[in-house]
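# Give me the fold of what follows.
(one chain, ligands or ions: 1)
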Amino acid sequence: MGNSERFDAVIIGYGPVGATMAGLLARRGWQVAIIDRLPDIFPLPRAVRLDGETMRVFDELGIGDQVDADCQQARGAEFVDAKGKRIQGIDLPEDYVDPSGWVHSNMFYQPVLERTLRDDIEARANVTVLVSHEAGAPEQTDDSVTVDVSPVDGGETFTVEADYLIAADGAASPVRKSLGFAFQSLGYDCDWVVVDVDLKREVPSLAVITQQICDPKRRATYVPTVGLKRRWEFQLLVGEDKVEMAKEDKVWEMLAPWIGPDDAEIERSAGYQFHAAHADHWRDRRIFLAGDAAHQTPPFLGEGMVAGVRDAANLAWKLDMVKRGLAPEALLDTYQRERGPHAHDLVDHAVETGKLIDACADAQVTGNWPASYDAMYGGSRGLPHLHGGVLALSEEDPTDGLTGYQAPQAMVKIDGADPALLDRHVTGSFFIVSTEDLSSELSGEQKEFLDRIGAKRFVLGEGTCVTPQMDLHLAIHKALIVRPDRYIFGLANDTCSLSGQVNKLMSHFN
Ligand SMILES: Cc1cc2nc3c(=O)[nH]c(=O)nc-3n(C[C@H](O)[C@H](O)[C@H](O)COP(=O)(O)OP(=O)(O)OC[C@H]3O[C@@H](n4cnc5c(N)ncnc54)[C@H](O)[C@@H]3O)c2cc1C
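Take a look at the predicted model:
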């Protein structure tokens, strides 16, 4: 690479979030450089669970089927007491496809997922991958951002210049620190030891679903991941040391109620501080934070990487619209406005889930059971939705229960083609679905605008939806307007005309 080569985007951090960001920009034709100090994929798993929303993003990258094939469907999750008796939980039926059109909750092995992401990226001529390179603190002017990059083996430092920089550089984010953005703690800092094992054979006594084991002697999490892989996470007691407790003899002691060395090999054990935190700023002009650099969550909901993938999906289409001159710079301010509260809500939910584990464990000694189980698996606290930003509802409007939520997705038959997921007819752009042709409700200017931003229009008449995910909504509403990241921009119905909603959309592009 020559000195001062210019890219459309430079991404620091080739973890799952940086890789997703690179893929989403590259498939929009961007010239992307991605930098990581590590020589290769981090070889051990951290994240183990993803959801249907993540699968839609991976499907946009063209790797949905591959990732899905490598995953194993989660069959549920529960809180149990010290004797293994269920306190509350949720069981998922086999092959349960949720409104996203994908399996509701999938277990995966992170190194395999990252290999699939990287194989896709590295096959693209417009991505330059700089592994074994350390990125310095970025600098920016009005029209570009630069970063010095040094080979970790001591070669010559060179400069990479780009229109935008995305720091997906993990929880310790050197970029976040160099920008002076605070990382606010959200009230959960606790030491745990995480243990991944490979069973030598099936152990029938082990649960087939994830368990939060609320044992007053030691809280623990058990996760059946993929194949014969299993994970335990053990909360450390006051005075226990993370490094000591991750040693093999201690790990076998903690595993003893479930398995012994005859049953499994330890793949790894490591001490972690489970932390809840949120950066107070996610953008400084041409520089954006994404993934763990912007938010960090305790893992009780399996939502850390998933939230980072949402960041990438949210930011990619906005950057592209601005770079193509279709939308003003102000569109980029909606990135943190939308993603910040959503990520914050999920971190808060995970913290509440962690506190419930503690409360249920303590209750077995004190008899004081929690007053609310809302944040428990199967409880009433659901996924958050977007407020304000690029939505037909403003921050002050009450939610209509759909705007700002992920759009449902059905298998559809369009133009006589074989049934396919609707997303596959519309990669990375806005779309409008209706059951009737509503063209006559749109002015010439509105149609020209929709064409300019690449918005597609689908009329899903009788018999077109092969699976039922969208039926209910299309029976009530005339049309759904869906964003490139598959969030619902707005609805057309008897109280909101399609024309009025398109005008609201246009206002974000002026
Ligand atoms: C025990 C545990 C269980 C979890 N379970 C789940 C789960 O089930 N589901 C889920 O969604 N999430 C889960 N998570 C969270 C998930 O692992 C993280 O959110 C995710 O890996 C973050 O991805 P990232 O790409 O943002 O950052 P990272 O994966 O941390 O990647 C950052 C990269 O940046 C590189 N880097 C940093 N600074 C520089 C620099 N200056 N120059 C060059 N390179 C640099 C690093 O080398 C690193 O490769 C879990 C986490 C833990 C610890």
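# going forward, measure contacts and count neighbours with C-alpha atoms only.
Will do.
# Name the residues of the stretch 1-150 of the chain found near the ligand, please.
12-18, 35-38, 46-50, 133-136 (Cα under 6 Å from any ligand atom).
# Any quick ChimeraX command for the buried ones out of those?
Burial among those is assessed by 16 or more other Cα atoms under 10 Å; the matching ChimeraX selection reads:
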select :12,13,14,15,16,17,18,35,36,37,38,47,48,49,50,133,134,135,136
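# among the residues of the stretch 1-150 of the chain next to the ligand, which are in strands?
I12, I35, D36, R49, L50, H133, E134, A135 (DSSP state E).
# Show me which positions of stretch 325-341 end up buried.
326-327, 329, 331-341.
# which ones are touching the residue nearest to D143 when sequence neighbours are not counted?
Distance criterion Cα to Cα, 6 or more residues apart in numbering; nearest residue to D143, sequence neighbours excluded, is D163 at 6.8 Å. Contact analysis of D163 by Cα atoms under 8 Å, 6 or more residues apart in numbering lists R6, F7, D8, A9, D143, S144, V145, R286.
# Which entries within those meet the buried criterion?
So, by 16+ other Cα under 10 Å, the buried ones in the contacts of D163 are R6, F7, D8, A9, S144, V145, R286.
# Wait, the third one touches Y164, no?
Yes - at 6.5 Å, D8 and Y164 qualify as touching, with contact defined as Cα atoms under 8 Å.
# Now do the helix or strand where H342 lies: distance to the chain's middle.
Assigning secondary structure by DSSP states H and E places H342 in helix 333-366. Here the centre of helix 333-366 is set off from its chain's centre by 16 Å, with Cα atoms, centre = their mean, to the nearest Å.
# Name the residues of it that come out as buried.
333-344, 346-363.
# For the stretch 201-350 of the chain, which segments count as strands?
210-214, 220-224, 229-235, 264-279, 283-284, 287-289, 295-296 (DSSP state E, counting those that start in this stretch).
# Let's have the ones you listed in a markdown table, adding distance to the ligand.
Below are those laid out as a markdown table (distance: least, Cα to the nearest ligand atom, whole Å):
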| stretch | distance to the ligand |
| --- | --- |
| strand 210-214 | 11 |
| strand 220-224 | 9 |
| strand 229-235 | 7 |
| strand 264-279 | 7 |
| strand 283-284 | 16 |
| strand 287-289 | 9 |
| strand 295-296 | 7 |
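# quick one: L113 and the ligand, what's the gap?
11 Å (Cα to the nearest ligand atom, to the nearest Å).
# Then that residue would be within a helix, right?
Yes - residue state for L113 (DSSP: H, G, I helix; E, B strand; the rest coil) corresponds to a helix.
# still on that earlier bit, tell me the pLDDT of the residue nearest to D143.
We have a pLDDT of 98 for D163.
# Report the secondary structure element holding it.
D163 belongs to strand 158-167, assigned by DSSP H and E.
# tell me which residues in that strand are buried?
Neighbour count says strand 158-167 has F158, T159, V160, E161, A162, D163, Y164, L165, I166, A167 buried, by 16+ other Cα under 10 Å.
# repeat for stretch 215-229
D215, P216, R219, A220, T221, Y222, V223, P224, T225, V226, K229.
# Other residues contacting that stretch?
In contact with stretch 215-229 (Cα under 8 Å, 6+ apart) are residues 48-49, 71-72, 81-82, 107-109, 196-202, 207-214, 230-237, 357-358, 361-362, 364-365.
# so who does I432 touch?
A455, K456, R457, F458, A479, L480, I481, V482.
# which of those residues are close to the ligand?
Within the contacts of I432, nothing lies near the ligand by Cα under 6 Å from any ligand atom.
# and those, which are buried?
Buried among the contacts of I432 by 16+ other Cα under 10 Å: A455, K456, R457, F458, A479, L480, I481, V482.
# helix or strand for the nearest residue to the last one once chain neighbours are set aside, which one?
Nearest-residue entry for V482: I488, 4.5 Å, with adjacent residues in sequence omitted and distances by Cα to Cα, 6+ apart. Secondary-structure assignment from DSSP H and E places I488 in strand 488-492.
# can you put the strands of the stretch 201-350 of the chain in a markdown table and add mean pLDDT?
Putting those into a markdown table (pLDDT from 0 to 100) gives the following:
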| stretch | mean pLDDT |
| --- | --- |
| strand 210-214 | 98 |
| strand 220-224 | 98 |
| strand 229-235 | 98 |
| strand 264-279 | 96 |
| strand 283-284 | 98 |
| strand 287-289 | 98 |
| strand 295-296 | 98 |
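# L383 is nearest to which of those?
strand 295-296 (16.4 Å; Cα to Cα).
# Which neighbours in the sheet does the closest one have, and how are they oriented?
strand 264-279 (antiparallel) (DSSP bridges).
# tell me the angle of the strand it pairs with relative to helix 333-366?
120 degrees (axes from the mean of the first three to the mean of the last three Cα atoms, to 10 degrees).
# Just the buried positions in strand 264-279, please.
For strand 264-279, by 16+ other Cα under 10 Å, it's 264, 266, 268-272, 274-279.
# Identify, from the residues you listed, the entry nearest to G180.
Using Cα to Cα, the buried residues of strand 264-279 come closest to G180 at A279, 10.1 Å.
# Between the two ends of stretch 433-441, how far is it?
With Cα to Cα, to the nearest Å as the measure, the first residue of stretch 433-441 is 14 Å from its last.
# Pull out the buried residues from that stretch.
For stretch 433-441, by 16+ other Cα under 10 Å, it's V433, S434, T435, L438.
# Pick the one among those residues closest to E303.
V433 (29.2 Å).
# Okay, now the sheet partners of whichever strand or helix holds the closest one, with direction.
Using DSSP H and E, V433 sits in strand 431-434. Note on strand 431-434: by DSSP bridges, its sheet partners are strand 456-459 (parallel), strand 479-482 (antiparallel).
# Pipe those strands into CSV and attach mean pLDDT per row.
Formatted as CSV, those follow (pLDDT from 0 to 100):
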stretch, mean pLDDT
strand 456-459, 94
strand 479-482, 97
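# quick one: the helices in this protein?
16-26, 52-60, 64-70, 110-122, 174-179, 242-245, 248-255, 304-323, 333-366, 444-452, 471-476, 498-507 (DSSP state H).
# Show me what the second one is in contact with.
Counting contacts by Cα under 8 Å, 6+ apart, the residues outside helix 52-60 that touch it are 20, 24, 64-65, 67-68, 98, 100-105, 306, 309-310, 313, 406, 423-424, 427-428, 485.
# from what I can see G18 touches I11, true?
Yes - the pair G18 / I11 is scored as a contact, 6.3 Å apart, by Cα under 8 Å.
# intersection of neighbour lists for those two?
Common neighbours of G18 and I11 (Cα under 8 Å, 6+ apart) are I34, I166, A167, A168.
# contacting residues for the closest residue to V194 other than its chain neighbours?
Excluding its sequence neighbours, the residue lying closest to V194 (Cα to Cα, 6+ apart) is E233, at 4.4 Å. Contact analysis of E233 by Cα under 8 Å, 6+ apart lists W192, V193, V194, V195, A220, T221, Y222.
# run the last query once more with 10 Å
E233 makes contact with 192-196, 212-213, 219-223, 254-255, 269-272, 299 under the criterion Cα atoms under 10 Å, 6 or more residues apart in numbering.
# Would you check how far apart G500 and A492 are?
8 Å.
# Who has more neighbours out of these two?
Legend: neighbour count by other Cα atoms under 10 Å for G500 and A492, higher for A492 (21 against 14).
# surely the more buried one meets L480?
Yes - using Cα atoms under 10 Å, A492 is in contact with L480, at 6.4 Å.
# Fine, thanks again, bye for now.
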